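**Q** Everything below, folded, please.
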Amino acid sequence: MPNLNDLPVDIQQAVAGLPLTVTQLVRVIPNRRYVCAGFFNHQAVYAKIFTGKSAAVYALRDKAGAELLTQGQVLTPKLLLARELDAGAYVLIYAAVENAQNAEQVWRSSDVDQRFLLLRQLVQTVARHHQAGLLQTDLHLKNFLVQKQTGQADEIYTLDGDGIRRLSPWFRQRQQLANLATLFSKMDVLDDGWIAELYSQYCSWLGLASSLAAEANVWSLTQKIRDRVATGYADTKVFRNCTDVKVTKSFRWFAAIAADFNVDHQSLASLNQFLADAQRNIKNGNTCTIAKVLLADQPVVIKRYNIKSFWHGLNRAFRVTRAAKSWANAHRLLISNIATAKPLALLEERYGGLRGRAYYLSAYVDAPDVKQFFASAAAGDKEIAVRNVAALFYKLYLLRYSHGDCKATNIKMVDLSPVLIDLDAMQANFGGMLSSWRFERKHIKDLQRFMKNWEHDVEMTGLLKRALQLQYTTGDLYHAGDILIRAGIV
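**A** Residues are numbered from 1 along each chain as shown. Down below sits the predicted model:
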């Protein structure tokens, strides 16, 4: 958490002239924006302090958005003060909303029924935006506050006036649907069966006509937004400096390291020594070498992708490394709410633009693989775990992710839930009908390879088949039942 000393001295001096007591620095974007919690004239507030060349632009846009929400009778924290400071900065002070959490925090702590109720309230709030002719262009769950009300329905407050715009008179309907689909994209894909009901309620609140074609369009748009967000994060964002990742690169080296992985440079320079230690070694093959070590006070798996020969090295030099694919896919799974070993670091040996050996570091998952787990699990645990495994495969199907190697050792079981590992063959399959056909073939292969783990175990085969059939055919909006038939599971 940032501390008060992160405020520039000149900003501290400028703020000192206000009846503002800062108790906590909530967020820092250096040389651009500082968000503080505190008290203004003894009232609990949040202060946004804008700095830099564009301070006036961002501050006035935030202020204008808050005013538009208020004029549109949409709940938003009250703006108490907007002022230019002596240091060329701007400050906006908003009243704090008591007894409230942001919607992402509420979502994470809620059960299925509570999540649906929260989504219904958020959809109603977005409908109010649209009714007022407004659009939240930065629509994510952290930009809504949920205030608990004793004996009444919760109140939803909209935050971040900077993202508020007026709906276009020419593209209003398209903007509204895209905005609604953006909200739906924050849902777990397994909850997509809610979209039809929520969209119907949205139309009812705005007095619009609903149809099956429109519902299908919203669902399709939701999927496209999910794909775009996951691709932008996994294939681009985590390969450059961002909140989650710190990147360093030179003519001979590229390194992307998780921001919370406090490993020292000496340890990273010693990866080959760790891999050469027979006591630490898990696998020592021509293609890759794997070892388990203790780094930054935590057990870590190092996987080095080897160069087998000159010609193999030449072939790999111009391609994305398998370590980079694992790094991207781990982040793709995490942003899609699918459990995997935490990605810690990606390191590549380079010679300018040419790639050599590459290393992927992930957290060690201290758990049995799926076959070991089912061999010794109690009947009650086995029943829950089978359902969770079926849900994982159905989720991969909905998201169009193919794993590529679903042998038992690549699926760990933690707290009765599956955790995917070994992601260098995983692919995200987006596109048109040809891509869809190819993905279905890959998904069928994933299912068949998974079931092969129990080809001589009649009991487990029966349990898994029943769980998959139940998961894939419930509310069969996506024709998933056909996949099981083609995979030989039905």
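**Q** check contacts around the closest residue to Y157 other than its chain neighbours.
**A** Counting by CB to CB, 6 or more residues apart in numbering, the nearest residue to Y157 once its immediate chain neighbours are dropped is L145, at 4.0 Å. Where you see a C-beta, it was placed from the backbone N, CA and C, and this is true even at glycine. When the contact criterion is CB atoms under 8 Å, 6 or more residues apart in numbering, the partners of L145 are 77, 97, 100-103, 156-157, 159.
**Q** quick one: low-confidence parts of the stretch 201-350 of the chain?
**A** Within the stretch 201-350 of the chain, the stretches with pLDDT under 70 are 278, 309-318.
**Q** Show the residue spans covered by the strands in it.
**A** Residue ranges of the strands in the stretch 201-350 of the chain, as given by DSSP state E, counting those that start in this stretch, are 245-249, 253-258, 281-284, 288-295, 298-305, 343-351.
**Q** Rebuild the ones you listed as CSV, extending it with distance to Y364.
**A** Rendered in CSV, the data for the strands of the stretch 201-350 of the chain read as follows (distance: least, CB to CB, whole Å):
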stretch, distance to Y364
strand 245-249, 20
strand 253-258, 14
strand 281-284, 10
strand 288-295, 6
strand 298-305, 4
strand 343-351, 10
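**Q** how much space between L198 and N102?
**A** 20 Å (CB to CB, to the nearest Å).
**Q** should've said T289
**A** Spatial separation of T289 from N102 under the definition CB to CB is 44 Å.
**Q** what does L122 give?
**A** Applying CB to CB, the value for L122 to N102 is 12 Å.
**Q** More neighbours: the two, which one.
**A** Neighbours were tallied for L122 and for N102 using other CB atoms under 10 Å; the higher tally belongs to L122 (22 against 16).
**Q** doesn't E104 make contact with that one?
**A** No - when contacts are counted by CB atoms under 8 Å, L122 is not listed as touching E104 (11.1 Å).
**Q** Residues that sit against both of those two, list them.
**A** With contacts defined as CB under 8 Å, 6+ apart, the residues shared by L122 and E104 are L141.
**Q** report the longest helix in this structure, please.
**A** Secondary structure assigned by DSSP state H gives helix 212-235 as the longest helix of the chain.
**Q** Just list what that helix packs against, helices and strands only.
**A** helix 172-184, helix 195-206, helix 322-335, strand 427-428 (3 or more CB pairs under 8 Å, 6 or more residues apart in numbering; DSSP states H and E).
**Q** where do the helices sit along the stretch 51-200 of the chain?
**A** Under the criterion DSSP state H, counting those that start in this stretch, the stretch 51-200 of the chain contains helices at 55-71, 103-108, 112-131, 172-184, 195-206.
**Q** which parts of the shortest one are buried?
**A** Of the residues in helix 103-108, those scored as buried under the neighbour-count criterion (16 or more other CB atoms under 10 Å) are 103, 106-107.
**Q** Save those residues as TSV, and put in pLDDT too.
**A** Formatted as TSV, the entries for those read as follows, by pLDDT from 0 to 100:
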residue	pLDDT
A103	93
V106	92
W107	91
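**Q** quick one: which of these is nearest L183?
**A** Sorting these by how near they are to L183, with CB to CB, puts A103 at the top with 10.0 Å.
**Q** I figured that closest one hits L139, correct?
**A** No - when contacts are counted by CB under 8 Å, A103 is not listed as touching L139 (10.8 Å).
**Q** What is the neighbour count of the residue lying closest to F239 once chain neighbours are set aside?
**A** Residue nearest to F239 in three dimensions, not counting chain neighbours: A256, with 6.0 Å by CB to CB, 6+ apart. Neighbour count for A256, taken as other CB under 10 Å: 25.
**Q** Could you do C36 as well?
**A** Using other CB under 10 Å as the criterion, C36 is surrounded by 24 other residues.
**Q** Please list all residues in contact with it.
**A** With CB under 8 Å, 6+ apart, C36 has these contacts: 7, 22-26, 46-47, 49.
**Q** What is the nearest of those residues to C203?
**A** Y46 (34.7 Å).
**Q** For D86, see how far away the closest one is.
**A** In this structure, Y46 lies at 22 Å from D86, with CB to CB as the measure.
**Q** Neighbour count for the two, which is higher?
**A** Y46 (20 against 11).
**Q** Can you classify the more buried one as helix, strand or coil?
**A** Reducing the assignment at Y46 to three states with DSSP: H, G, I helix; E, B strand; the rest coil gives strand.
**Q** Surely it is in contact with A96?
**A** Yes - distance between Y46 and A96: 5.8 Å, which falls inside the contact criterion (CB under 8 Å).
**Q** list residues touching both of those two?
**A** Between them, Y46 and A96 have 37, 77 as joint contacts when contacts are counted by CB under 8 Å, 6+ apart.
**Q** low pLDDT regions in the stretch 351-490 of the chain?
**A** Low-confidence segments of the stretch 351-490 of the chain, defined by pLDDT under 70: 431-434, 475-479.
**Q** returning to what we had before: quick one: which of the contacts of L145 is most hemmed in?
**A** Within the contacts of L145, A103 tops the neighbour count with 26 neighbours, counted by other CB under 10 Å.
**Q** list the contacts for that one?
**A** Contact analysis of A103 by CB under 8 Å, 6+ apart lists 118, 122, 141-142, 144-146, 156.
**Q** what residues are up against V112?
**A** D191.
**Q** For A216, see how far away it is.
**A** Counting by CB to CB, the separation of V112 from A216 is 24 Å.
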